[in-house]
Every structure is written in C-alpha cells, then in structure tokens.
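Undergrad: sequence first, then the predicted structure:
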There are 2 protein chains.
Amino acid sequence: MMTHCHTLIAALRQQGCRMTPQREMIVEALAHSGCHMTAEEVLEIVRQKTSAVNIATIYRTLDLLVDHGLATRADLGEGRVVYATIRHGPHIHLVCRRCGRAQEADTALLASVVDTLREQYHFCCDTSHLALYGLCEVCQQIEDRIRDA
Amino acid sequence: MMTHCHTLIAALRQQGCRMTPQREMIVEALAHSGCHMTAEEVLEIVRQKTSAVNIATIYRTLDLLVDHGLATRADLGEGRVVYATIRHGPHIHLVCRRCGRAQEADTALLASVVDTLREQYHFCCDTSHLALYGLCEVCQQIEDRIRDA
DNA sequence: TTCCTTGCAAAGGCTTTGCACACCG
DNA sequence: CGGTGTGCAAAGCCTTTGCAAGGAA
C-alpha cells in the first residue's frame, strides 16, 4: 500500500519534478504531521534528521507543492503562514488571538454563508483558505479570571 | 454637532493621550475614509496636507487607536494589515485573492456559524476581525475568460 | 551530459525600535 | 518645566532571489 507521503512524491515525479533527499524529507514532514505547519516548523522536523537543509529550500519546496496542487497555503495573519498536504482536506482554522494556537473545524459549517455571498455579493468564497479569529476555550477561561481579579 | 473625527480625538484626550498635529491628521484620514486602510494608505492621505509625517508615527498612532479601543486592526493576510475606526462597525472583509481588493459584507451573515462554533467547538469567534478569501465578480469573469482561451 | 536543485548570502518589504530633539499640557 | 511624542535611521522578521556548485535523470 502506498502511504500518503509516497503518493505525493509520485505525483511530483509525474509532474516532471526531480526528487531529492531534501524534497523527500520535507514532504514526509508535512505529510506525517497530520496538520498544518509553518515553514519554520517543517525546518525543525527536517533538522531532526539532518542539518543539511536550508530554509530557502523549505520555502521553495512548499511553494512547489502548492503550485502543483499537492498542498495548500493558508495565511492565518500576524505573519503566520501555514501549509498542509491535500489529503488533509479543507477545514477552517480557528485561530486563538491570545495563545496563537489554531484548532480546526469542518468547512461544511460555512456552506450557507458561501451560498449567500455568491448570491448577494457575487463573491466566490474559497473555503480552503480560511481563518476565523477569537479565543479558544482555555484562553476564554484565563481572560475571565483576569477580568474577575 | 461633534464629527466622528472630533469624538475620537476627544476620547484620546480623555484617556490621557496628548494631541499633536500628526495625530489629528492621522485620525482625520482614517475617520473620513469611511473604510479600512493600510498604514501606507493613511500616510498617502496625510502627505497631501504635509510631508512632515513619518511612517513610524503612522504605525505608532494606529497602534495607539487600537490599544485604546478606538480602531480595529484586521490582518487580511499576504502582508495586508488594515485599520478602521470603530464607528465603522463590524463587517466581514471579502478579499479577492486575484486583485487584492476587499469589499465588505454584513457580519450578521455569520451569526449562526458563530453560535455553532461556540456550542460545538467552545471557540469564541471575534467577527470584528474577519476576512474571507475568494474571487470578486470582476476577477471571476477574467478567470473564466482565461480558462476558455 | 543537461539543466533542475541546492546552499549561501544578500536583498526585499513591512514594521518596530533606540535615540536625541521637539513640544504638549 | 516634565514627560510624552516625533523624525530619523537602523535593526528585525519573514520570505524571496541571484549565483555558482551539486547532483538527478
């Protein structure tokens, strides 16, 4: 059975990209994370195997994956740009403006909003690239405590 | 009658901030625009009156307004951070990923989504800081034409 | 062999900061 | 006057790019 990681590598090859140890490690890191990652986080994972990878290569490879439709890039704002492989289907990022962590929610939540935007605003909304800001459960409690104190 | 601009300036004073010609011009630019602006756009407006304002002062003043609850900052991603005074009530930014322009939509659209997020994900969503990405009407037509060609 | 990929370092773009001077209150 | 606010220039941060050397096919 092909792992998701191998599927991605095969797809890159098929599309005429050369495979290198660096690219393999980067794809592996992103595919195994099961979640979205920043370029810096990918570098960290890859560095656990070898120090012979440059941050520029990370950026170039992530862009390559996005350009070939094998990964998505989501700009969460505040300078946080995250990547995820496509198996990791569309989802909404729920970004906590206090701790910065992001949980994920089902895109289906937005179906009716997307329809309304198309009908009333003629705007074609891309739900694969979506972040909502607010407070996560933990930080809500922390802020409550601060307010009470 | 107090203009919105004067209201903001009075509020700043009340909160112990000193008023300077620079701050007045910056507040005026943002209050009169009736829309969200980047720091660079504010500078452009202010520069029409005088060249004696530095971009650092724009950033400092915009931060001041946000910190005092008189303006909001929204990170639209791709390095576009926009500011708006609070009279300019909450709204959704519909950002076109092709031309970069942002139109606005009513926050009420998201009411049910916000409720669901709170109930199912325990996430308290802040709708005053919100951007959705996609294609505006014009760019949809352009992309359609490119695809057909 | 060809020419795609990489590492390195430098350059970008946007934003923040340190400092001395200006000036509001 | 005292202390905040400003301009300037430099530094930061994240990301991209030019170039020569390395290496996949």
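TA: Now that the structure is in, tell me what you want to look at. Residues are numbered from 1 along each chain as shown, chains lettered A, B, ... in the order given.
Undergrad: hmm, the lengthiest strand in chain A in reach of DNA strand D?
TA: With secondary structure taken from DSSP state E, chain A has its longest strand at strand A:124-135. No - taking C-beta under 7 Å from any atom of the strand as the criterion, strand A:124-135 and DNA strand D are apart, separated by no less than 14.0 Å. For every residue, glycine as well, the C-beta is placed using N, CA and C.
Undergrad: got it, and stretch A:24-34?
TA: No - residues of stretch A:24-34 are not located near DNA strand D by C-beta under 7 Å from any atom of the strand, the shortest gap being 9.9 Å.
Undergrad: hey, C-alpha coordinates of that stretch in CSV?
TA: This file holds the C-alpha atoms of stretch A:24-34, laid out as CSV (Å, rounded to 0.1, in the frame of the first residue of the first chain):
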residue,chain,number,x,y,z
GLU,A,24,11.5,13.8,0.3
MET,A,25,12.2,14.9,3.9
ILE,A,26,10.1,18.0,3.5
VAL,A,27,7.1,16.1,2.0
GLU,A,28,7.5,13.5,4.7
ALA,A,29,7.5,16.0,7.5
LEU,A,30,4.4,17.7,6.1
ALA,A,31,2.5,14.5,5.3
HIS,A,32,3.2,12.9,8.7
SER,A,33,2.3,15.9,10.7
GLY,A,34,-1.4,15.4,10.0
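Undergrad: buried sites along that stretch?
TA: Across stretch A:24-34, burial judged by 16 or more other C-beta atoms under 10 Å in any protein chain shown covers A:24-31, A:33.
Undergrad: what do you get for stretch A:81-89?
TA: The neighbour-count check on stretch A:81-89 (16+ other C-beta under 10 Å) flags A:81-86, A:88 as buried.
Undergrad: ok, residues contacting it?
TA: By C-beta atoms under 8 Å, 6 or more residues apart in numbering or on different chains, the residues outside stretch A:81-89 that reach it are A:4, A:7-8, A:27, A:30-31, A:34-39, A:42, A:62, A:65-66, A:69-76, A:93, A:102, A:107.
Undergrad: now stretch A:18-30
TA: A:5, A:8-9, A:12-13, A:17, A:37, A:42, A:45-46, A:49-50, A:52-53, A:57-58, A:61-62, A:64-65, A:71, A:83-85.
Undergrad: can you say which of those are buried?
TA: A:5, A:8-9, A:12, A:17, A:37, A:42, A:45-46, A:53, A:57-58, A:61-62, A:64-65, A:71, A:83-85.
Undergrad: where does the prediction get shaky in chain A?
TA: In the predicted model of chain A, residues A:1-2, A:88, A:129 satisfy pLDDT under 70.
Undergrad: kindly recompute the last result at 90.
TA: When residues are selected by pLDDT under 90, those of chain A lie in A:1-5, A:32-36, A:50-52, A:72-80, A:86-106, A:126-136, A:138-139, A:141-149.
Undergrad: domain ranges for it?
TA: Following automatic domain parsing, chain A resolves into domains at A:1-89, A:90-149.
Undergrad: and the residue of chain A found nearest DNA strand D, what helix or strand is that in?
TA: Going by C-beta to the nearest atom of the strand, DNA strand D is nearest to residue A:56 of chain A, at 3.4 Å. For residue A:56, the host element (DSSP states H and E) is helix A:55-67.
Undergrad: and the next helix or strand past that helix?
TA: Helices and strands here follow DSSP H and E; after helix A:55-67, the next one along the chain is strand A:71-75.
Undergrad: at contact distance from chain B, anything in that following strand?
TA: Yes - judged by C-beta under 8 Å from any C-beta of the partner chain, strand A:71-75 and chain B are in contact via residue A:75.
Undergrad: how far off centre is that strand?
TA: 5 Å (C-alpha atoms, centre = their mean, to the nearest Å).
Undergrad: which helices and strands sit right next to that strand?
TA: Under the contact criterion of 3 or more C-beta pairs under 8 Å, 6 or more residues apart in numbering or on different chains; DSSP states H and E, strand A:71-75 touches helix A:55-67, strand A:81-85, strand A:124-135.
Undergrad: ok, which of these comes nearest DNA strand C?
TA: Closest to DNA strand C of those is helix A:55-67 (C-beta to the nearest atom of the strand; 3.0 Å).
Undergrad: which residues does residue A:40 contact?
TA: With C-beta under 8 Å, 6+ apart, residue A:40 has these contacts: residue A:55.
Undergrad: ok now whichever strand or helix holds it, how far from the chain's centre?
TA: Here residue A:40, judged by DSSP H and E, is contained in helix A:39-47. Centroid displacement of helix A:39-47 relative to its chain, using C-alpha atoms, centre = their mean, is 14 Å.
Undergrad: swap in stretch A:11-27?
TA: The answer for stretch A:11-27 is 19 Å, by C-alpha atoms, centre = their mean.
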